[in-house]
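>>> predicted coordinates and the sequence they were generated for:
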Amino acid sequence: MINFILKRLGFAALILVVLSAFVFFLFFVAPGDPARMIAGDKATETQLVQIRTNLGLDRPIHEQYVSFVGKALQGDLGFSYRNQQPVTKLIINRIPATISLVIGGVIFWLVIGIPVGIMSARHPGSIRDRVGQGFILLGLSFPTFVLGMLSLYVLYFLPKQAGFTLFPAGGYKSFTKDPLIWAWYLFLPWTTLALVTAAIYARLTRGHLLQVMGEDYIRTARAKGLSERKVLFKHGLRSTLTPLVTQLGADIALLLGGAIVIEQVYGLQGVGALAVQAVKNQDRPIIIGVVLLGGFFIVITNIIVDLLYAVLDPRVS
């Protein structure tokens, strides 16, 4: 087990090194003036000289890269000259909205998607199965932004026209100030994210359960006289958890790097919105910081998934 964990940690460290090298060479070694790209076209020559000094662009490439990695490990992701703030501070200010969106969305889509998949798998070919597959097809067919706009129209605009407010149009309120207001503002983003993603988990659950329920060990469990509920949840569903955990880890990692569409539709000032703004403004330090943050989340969640594999499947350890 220890060797398994050490191998995963070593592989994760290698991935982060490769990612940091790719980002560094893309923005600092590629043709062009890095100082000009970072400061923008309106920067004066004095500002450019100061930026080159701060970045150490006059030093050898390998020293620049070591300095770049060293600062990143200390939490220094650079300085946004367009915003006149450190990138780390900008991301820290935005990340609570993204984390709140992801946490609520994950809970919602698991609570919706897995039961729908189980229902379809327990009654293949029945009306329940058809309803479940209809939900899956509908969820997979609806683009996130369309469902978001539809939710705003039905649950915000129409009630507003009738003279009352059912849900706010968007924005983010801090959890520490008032948890109820926090949840009220995030309910529509949560449900929009969950309904689309739950369809994927319902399809995965249904497909893997149907495959697992025909295995020999399932027939053996039934032959021992176990109830169908115990066979399903104790033996069948546990085998299905492995692909679900894999999908969950990938989804969480990607969303923590910024749920761009949801944040844009509902005006959530999260990491995704920050990244979109940085791309529009060509704010390279913020782009670098968001890319490194997204890579970090992907690596961390994959390590957690690997550890969960060892718990769910004894053969891994």
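Yes, it's here.
>>> for the nearest residue to Tyr185 once chain neighbours are set aside, grab the count of nearby residues.
The shortest distance from Tyr185 to any residue other than its chain neighbours is 4.9 Å, reached at Lys173 (C-beta to C-beta, 6 or more residues apart in numbering). Where C-beta positions appear, they are placed from N, C-alpha and C, glycine not excepted. Per other C-beta atoms under 10 Å, the neighbour tally for Lys173 reads 18.
>>> cool, the one 3 residues further on as well?
Number of residues near Thr176 (other C-beta under 10 Å) recorded here: 8.
>>> does it count as helix, strand or coil?
For Thr176, the secondary structure call by DSSP: H, G, I helix; E, B strand; the rest coil comes out as coil.
>>> mean confidence for whichever helix or strand Asp129 is part of?
With elements delineated by DSSP states H and E, Asp129 resides in helix 127-141, which encompasses its position. Averaging pLDDT along helix 127-141 yields 86.
>>> quick one: name whatever helix or strand follows that helix.
Downstream of helix 127-141 (by DSSP H and E), the next one is helix 144-152.
>>> between helix 127-141 and that next one, find me the angle.
Between helix 144-152 and helix 127-141, the angle formed by their directions is 110 degrees, by axes from the mean of the first three to the mean of the last three C-alpha atoms, to 10 degrees.
>>> give the buried residues for helix 144-152.
Of the residues in helix 144-152, 144, 147-148, 151-152 count as buried by neighbour count, 16 or more other C-beta atoms under 10 Å.
>>> residues near Ile92, how many?
A count of nearby residues for Ile92, using other C-beta under 10 Å, gives 11.
>>> measure it to Thr98 for me?
Remark: distance between Ile92 and Thr98 (C-beta to C-beta, to the nearest Å) = 11 Å.
>>> repeat that for Val261.
Plainly put, Val261 is 13 Å away from Thr98 if you go by C-beta to C-beta.
>>> Pro60 too?
Using C-beta to C-beta, one gets 37 Å for the distance from Pro60 to Thr98.
>>> of these two, which one has the most company?
A direct count of neighbours by other C-beta under 10 Å for Pro60 and Thr98 places Thr98 higher, at 26 against 9.
>>> can you tell me the SS state at that one?
helix.
>>> ok, so of the buried residues of helix 144-152, who is nearest Ile200?
Using C-beta to C-beta, the shortest approach to Ile200 within these belongs to Thr144, at 12.1 Å.
>>> could I get the pLDDT score of the closest one?
If you check Thr144, the pLDDT there is 83.
>>> and for Leu110?
Here the pLDDT value assigned to Leu110 is 90.
>>> OK, contacts around the nearest residue to it once chain neighbours are set aside?
Computed as C-beta to C-beta, 6+ apart, the closest residue to Leu110 that is not its neighbour in sequence is Tyr201, at 6.7 Å. Taking C-beta atoms under 8 Å, 6 or more residues apart in numbering as the definition of contact, the neighbours of Tyr201 are 109-110, 113-114, 117, 244, 247-248.
>>> again, but for Arg222
With contacts defined as C-beta under 8 Å, 6+ apart, the neighbours of Arg222 are 228, 231.
>>> what about it, which helix or strand?
Since the elements are taken from DSSP H and E, Arg222 ends up inside helix 216-223.
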